[in-house]
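Q: Predicted structure and sequence below. I'll ask about it afterward.
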Amino acid sequence: MKNSIVIPAIVILALILPRTTVADPPLERIEQDNSLTNEFETPHTRWARPYAGGTLRTLFISQLATNINVLPLRHSVELMQRFDVEGDAVLVIRKKGDDPHAIAFAGGSGVYGGKTGEKRLQRLLENRYDCYFVGGPIISYLPTAARKHIFDEVSRGAGMVLLHQEEDGEALLAEFEEIDDEADLLHDMKTRRFRRGKGRIALVESFPPQSSWNVYNPSSRQRIFGFDIRRDMLYEAHGRAMLWAANREPGTSLAIEVGKETIARTDLASHKVRLRWNDANGKAPRRITARIRSEGRDAQEPIIIKSIDAARGETAIALPVLTAGDYWIDAIAEGTDGITGWTIATFGVGEPQHIRKITLEREGGEAGEPIRGTVTVAGPATEGRTLRVQAVDRHGRIVSRQVFTPVPDGAAFSLPTDARMPAYLSVEAALIEDGREITRNYSVDTYTIIRRKQNQWNLLMWGRLYASQLLEVADDVLAASGVTSRMETSNVPWWFMTRAGMNYTPYCDSGLYRLLDSGPQEPMVDEDGTLTLANGCWNDEPAVSQRLRKSLGSERDYARHGVLVYSMGDEQAVLGSCLHPSCWKIYQQWLGREYGTIEALNESWGSDYSAFDAIEPKIDETAIPWYPKRSQRVPWHLTWANNEYSSVAMTSGSSAWNESWRNYPRYIDRRSFQYWNFANYCRRFRDAARVIDPHAVAGVEGQDIYLDADIDVIVRHTGWWMPYGGENGDTTNEVIRSIAPRGYLYGHFSGGFSFWQSVLRGGNTLGKWRIDNVFTPGMQLKPGFRRLVDSGRILFDGVGSLLNGNPGSEMLDDGIVMLHSMASVKMAKIGDGPTYGIFRWRDDAGKVRSAEPRPPFHEVNRRNHRAWHRNLRASTLQFRYTTDGQIRRGEFDPASARIMILSQYEVIGPDEEKLIRKFVHDGGMLIADVRPGFYGARGKPRKGGVLDDLFGVRHRASAEAAQAPAEIEGTIGRTRLKLEQRDLFVNPAIEVTDGRALGRAGRTPICIVRETGKGRAVLLNFAMWSFPKLAVHDGPDDAVAFFRGLLATGGVAPTLELADGSGRRHRNIEAMRWRTGPGVEVLALHGPAWGTWPEPNGSHDRMPPPFEGSMDVATPVTVKLPEARYVYEMRSGRGGDRTRSFKTGVRPRVATLVVVSEHELNAPEVRAAEHKAVRGRSLPFQIRIPGARGRQALNVRAKRPAGDEASWFSQSVIAEDGKADVVLPIAFNEQTGAWTLTVMDLFTGKKDSARFEVE
């Protein structure tokens, strides 16, 4: 899905914008995409806002790209920040009608939205506009009537501005009369000017040089301080073109006469700048404000000229003391009705002695490592000066400094760093005289203090924008929206992404391969037996090591700027092997480690090999004889041998195969090796990455495997895994969260629906695909992402790291454990297994498993594990997984569980069998749905199931699942269970021995119970997917009572209850819990769950009850606790009372977070170590929360003397047992005055503040 190489442009656009081949997008969506709302103000000058000449009604007609989001309407928003404009917008695509690039919206033009968009344009044109601002060669793609109307309006006196008209060319301009009149307002732009009737048309071919910049090759100052002034200049020029076209030129003309292009610094005190004004209406300006700016940290107080008593005049402006460099000076005149005019001039300040060059030894390093480099000074030396070399951040704050006296011609510097400094810095060198800076310069390269962020909660954003004039703005918005890492950034880290505070997750050339969209879902080999699609065999040495070194060597630039994880690619297969001699040798060695002796392997396989190195591939050369060429047959013969097809069934067209070839253990071993081989290759990739980055973490993302993989072995050999979102990825994450070691990074790529679902599965690294889907054309956040950001703010502020970071908090369950094994999944896909439930929507050959759907069940819903998850959570219960691998390694403690669930767990080896039997004997309850232990170790066939005697049954043979009306009634212990008649899918080849059947489906026994030792075993003997969905709002109560009653007999009951407004139990809201400390839990209420739509829908078209209202309307929930607790609702700050019941609400797909505590939670208290802070030193603060236990997330904010937030001091802190310390590194040039530090407890919303003085 995210492979930009193979995705056609139109597919990308279809994901950026609504897509349909029948209906137009709804008008609401069209309005959103044409919105000119300014959600994110950029630094700007109000050149004419408010404007004495009145508000301009403007229609912006902008070009919408067909493959990427270039933020076309943001230019209009930027203009409207600066000028008095009321605007509407119309997006136009340079394709018409049924052309696929018109996104398949029916319509006769390129207007976005098809016929609905055209009708909208028609309504807009009923307004009278002062100016039509056309951004691109798109006039000819408007409907003919609309185009004629606009031209007629221009003839009546409206203005028109044309940008980027190269392709419309003379055919368009022939509609107008070109004029040669001087246009003073446009003097510094290259324009062609036209007239049509009473209207003016300005064709802008280029803007002033001072209004341009190159984001890909910025100056050393721009790289740290950005393009704010240049952007201000660009849209100032846009505004002048608009005012001229609308015949609304400013009434006051102003002129600044600097006198010299460059002023010697020593002449500044005596040099005067002349400011002249002349108001055409004969009115004296109320005031004129002059300002001097630079692309650096040279902020100057504005100069305000008042008491102006003439419409025409001039005044002299004394220049302040300035450092050498380039400057802009502007003046804005104001009248009683608004701004009447403005002007801009530039000048330079010169100084003979200057900083020639600053060279860094390297571009990044760890916190605590010094920034080293050299500085060169040129020009005549002046006594009494010193040289300061200092690290500055994007705000111009000096955070580290080294002083040289006297000034050397050249010097090597070493600037100390620490973890509290901003990550993105430039090195500035300045000459100082009498305490003033004379001149300064900046390093060409910036320096990054590496922030890997591997211990915190992260949100990744996929892709980069191609809106070159807005890139650093957009990435600042992403960072402010919670994004912490950028991935797929076109092979390089971009300075503006690092500057925004984000690090990287680079896509690396890993040598893995991507499974085909259609076709075999297994590794394929060529006619030499070597893995295809990948970069060759994964075990071919020394080629593999050389390739990995080369691949990771190209990632050094990322490593220098901070890498969260090294991605081995998206949508990569997670298994692989081939018949290359090196790979086969590794396989033989792997078998040796697995079995220990060849005799053990022979006993498993039923073979008689003399040694492991005597094992050879089983190649059936008689298969597919209808292929005439050997070159056609051999790759398939070898591919099937590589995947042990002959060990499962006859290969296509074989004349040699017979039943003796069937060898399930050999097949399972090969599959196990393929997953291990992939995981081992990932480990080797990580080791290669650690050559360039000692803390490297590596893994893959974008898989859609559900449970169909050896999740255990992959997790043990990787450090990061991000399956796709939705229920498949969510199910994979159920296992990952249960077995991953501390510090493992996982989550999935999220849409708005699956974001919180991933959080509730322990996800600490979530991804969003892709950046084009995040922004509207006007750079507002799209509604879905806005909802994600607004609801996720609490996570970004620290709760995400508290719950799921490293270390996170303990995710709680109710003593229910489910088992997962790759072998069981694989064997359940063979023979009759799939009739009991599926694990993927297509089989290994790539064929969809829906030839014979079983009404009324949608095919995708025939998944037993998912049904268990759904029904457990509908019962307000939580669970976890363990794996066969954990059991074999002794990592699972059965005493931690009360109930063990075997769902379609068809393969049971001796280690699992031993543990399961002991678990039941010691008092645990074992529940299986269908065919538990039908096969022995590694899928070895046997007579009867491995656990038949434990359940009191006998498996007579293999049989397809049978659908039959079923009823259950009976007792387990003292609990009476009853399930009313309904169809279930059962295993008809079961007979009862000494078990007790509580029900029957036709003649088939179901719900068979057997007591043994201190525990009991229950074989349901029906597929859980065929059991009623308990999460359906109006589902059957008898099924709920049966399911919860069954679990209660195992000692598991809900720790809390959720009820709706009428007191009825909520079924479609789950409650996930984390323990953050003794007696303190965080409760997340979330719904609806995937798969809770009534059958056979299976789609996500609208929310199921009780969430069928608006996405922003909360469903009332009453939470009933087993004992009275102090309750606090995060975000709202409500609560604080001790109660056994509280009311709240849950919005669809957004978790409501509540803290439940045995003790009252007190407000934080913050104290500064000293009342006064000294510039260039650190100021410690002590935070204490009286009576707190465990861990709490705190949000720290600082305000400057003027009351604005100092974002560089904002941080999240985790308090341990009520204690936390914060240290603020006070810059050498920090603003003096009274500051305030505020600490807020995210659990309660309670705050405390401390004031301090910066001297």
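A: The structure has been received and is ready for your questions.
Q: make it CA atoms for all contacts and neighbour counts henceforth
A: Fine.
Q: what are the phi and psi angles of Gly576?
A: Backbone geometry at Gly576, expressed as degrees, to the nearest 10, gives phi -180, psi 150.
Q: For it, list the residues it contacts.
A: 522-523, 531, 674-675, 677-678 (Cα atoms under 8 Å, 6 or more residues apart in numbering).
Q: Same check on Leu601?
A: With the criterion set at Cα under 8 Å, 6+ apart, Leu601 makes contact with 591, 595, 607.
Q: Contacts for the helix or strand that contains the first one, please.
A: By that I understand Leu591. Using DSSP states H and E, Leu591 sits within helix 581-595. For helix 581-595, contacts defined as Cα under 8 Å, 6+ apart pick out 537-541, 577-578, 598, 601, 612-613, 615, 669, 673.
Q: tell me the mean pLDDT over that helix?
A: Per-residue pLDDT values over helix 581-595 give a mean of 98.
Q: what do you get for stretch 985-998?
A: Here the average pLDDT along stretch 985-998 is 98.
Q: distance between the ends of that stretch?
A: Using Cα to Cα, to the nearest Å, one end of stretch 985-998 lies 16 Å from the other.
Q: Sheet partners, orientation included, of the one helix or strand Val700 maps to?
A: Using DSSP H and E, Val700 sits in strand 698-701. Strand 698-701 has the following strand partners under DSSP bridges: strand 566-570 (parallel), strand 720-722 (parallel).
Q: How far off centre is the last one?
A: For strand 720-722, the gap between its own C-alpha mean and the chain's C-alpha mean amounts to 13 Å (Cα atoms, centre = their mean, to the nearest Å).
Q: Kindly format the C-alpha coordinates of the helix holding Leu591 as PDB.
A: C-alpha atoms of helix 581-595 as PDB (Å, rounded to 0.1, in the frame of the first residue of the first chain):
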ATOM      1  CA  PRO A 581      23.700 -24.200  -1.000                       C
ATOM      2  CA  SER A 582      24.500 -21.700   1.700                       C
ATOM      3  CA  CYS A 583      20.800 -21.400   2.700                       C
ATOM      4  CA  TRP A 584      20.300 -25.200   2.700                       C
ATOM      5  CA  LYS A 585      23.400 -25.600   4.900                       C
ATOM      6  CA  ILE A 586      22.000 -23.200   7.400                       C
ATOM      7  CA  TYR A 587      18.800 -25.200   7.300                       C
ATOM      8  CA  GLN A 588      20.600 -28.400   8.100                       C
ATOM      9  CA  GLN A 589      22.400 -26.700  11.000                       C
ATOM     10  CA  TRP A 590      19.100 -25.300  12.300                       C
ATOM     11  CA  LEU A 591      17.500 -28.800  12.200                       C
ATOM     12  CA  GLY A 592      20.500 -30.000  14.200                       C
ATOM     13  CA  ARG A 593      19.900 -27.400  16.900                       C
ATOM     14  CA  GLU A 594      16.200 -28.100  17.000                       C
ATOM     15  CA  TYR A 595      16.500 -31.900  17.300                       C
END
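Q: Residue ranges of each domain in this protein, please.
A: With domains defined by automatic domain parsing, the chain comprises 9-244, 251-350, 361-449, 458-579+674-808, 581-673, 816-1048, 1057-1157, 1165-1254.
Q: for the third one, how far is the first residue from the last?
A: According to Cα to Cα, domain 361-449 extends 14 Å from its N-terminal end residue to its C-terminal end residue.
Q: quick check: angle from the longest helix anywhere in the chain to helix 581-595?
A: Ranked by residue count and defined by DSSP state H, the top helix of the chain is helix 664-692. For helix 664-692 against helix 581-595, the angle by axes from the mean of the first three to the mean of the last three Cα atoms, to 10 degrees is 110 degrees.
Q: Now do helix 664-692: which elements does it pack against?
A: Secondary-structure packing of helix 664-692 (3 or more Cα pairs under 8 Å, 6 or more residues apart in numbering; DSSP states H and E): helix 543-553, strand 566-570, helix 581-595, helix 598-605, strand 698-701, helix 711-717, helix 822-827.
Q: These into CSV, with extra columns for distance to Phe796?
A: Listed next are the helices and strands packed on helix 664-692 as CSV, based on distance: least, Cα to Cα, whole Å:
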stretch, distance to Phe796
helix 543-553, 31
strand 566-570, 22
helix 581-595, 44
helix 598-605, 52
strand 698-701, 22
helix 711-717, 26
helix 822-827, 36
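Q: Tell me which of the ones you listed lies nearest to Thr116.
A: Minimum separation from Thr116 across these (Cα to Cα) falls at strand 566-570, 37.3 Å.
Q: Now do that closest one: everything it contacts.
A: Applying Cα under 8 Å, 6+ apart, the contact partners of strand 566-570 are 2-3, 505-510, 512, 682, 686, 689, 696-703.
Q: Just confirm Glu448 contacts Leu425, I think it does.
A: Quick fix: residue 448 is Thr, not Glu. Yes: between Thr448 and Leu425 there is a contact under Cα atoms under 8 Å: 6.2 Å.
Q: neighbour-wise, which of those two wins?
A: Legend: neighbour count by other Cα atoms under 10 Å for Thr448 and Leu425, higher for Leu425 (30 against 25).
Q: Can you tell me how far the more buried one is from Val1174?
A: According to Cα to Cα, Leu425 stands 22 Å off from Val1174.
Q: Likewise for Ser1062?
A: Taking Cα to Cα as the measure, Ser1062 falls 61 Å from Val1174.
Q: what about those two, which has more around it?
A: Of the pair Ser1062 and Val1174, Val1174 is the one with more neighbours under other Cα under 10 Å, namely 17 against 9.
Q: Give me the distance between Asp180 and Trp636.
A: Separation of Asp180 from Trp636 (Cα to Cα) stands at 75 Å.
Q: neighbour-wise, which of these two wins?
A: Neighbour count, other Cα under 10 Å: between Asp180 and Trp636, Trp636 has more, with 23 against 8.
Q: Which strand or helix spans that one?
A: If you go by DSSP H and E, Trp636 is part of helix 630-642.
Q: who's in contact with that helix?
A: So helix 630-642 is contacted by 523-529, 577-579, 617-621, 623-625, 627, 646, 651 (Cα under 8 Å, 6+ apart).
Q: Buried by neighbour count, from these: which ones?
A: By neighbour count, with 16 or more other Cα atoms under 10 Å, the contacts of helix 630-642 hold 523-527, 529, 577-579, 618-621, 623-624, 646, 651 as buried.
Q: Please narrow the residues you listed to those residing in helices.
A: Judged by DSSP H, helices contain none of these.
Q: pretty sure Lys1247 is in contact with Asp1241, am I right?
A: Yes: if you go by Cα under 8 Å, Lys1247 and Asp1241 touch, sitting 6.4 Å apart.
Q: shared neighbours of the two, which are they?
A: Common neighbours of Lys1247 and Asp1241 (Cα under 8 Å, 6+ apart) are 1163-1164.
Q: Compare neighbour counts for these two and give me the winner.
A: Asp1241 (24 against 18).
Q: In three-state terms, label the closest residue in space to the more buried one that isn't next to it in sequence for me.
A: Setting aside the residues directly before and after it, Asp1241 is nearest to Leu1194 in space (Cα to Cα, 6 or more residues apart in numbering), at 4.7 Å. Here Leu1194 takes the strand state, with states given by DSSP: H, G, I helix; E, B strand; the rest coil.
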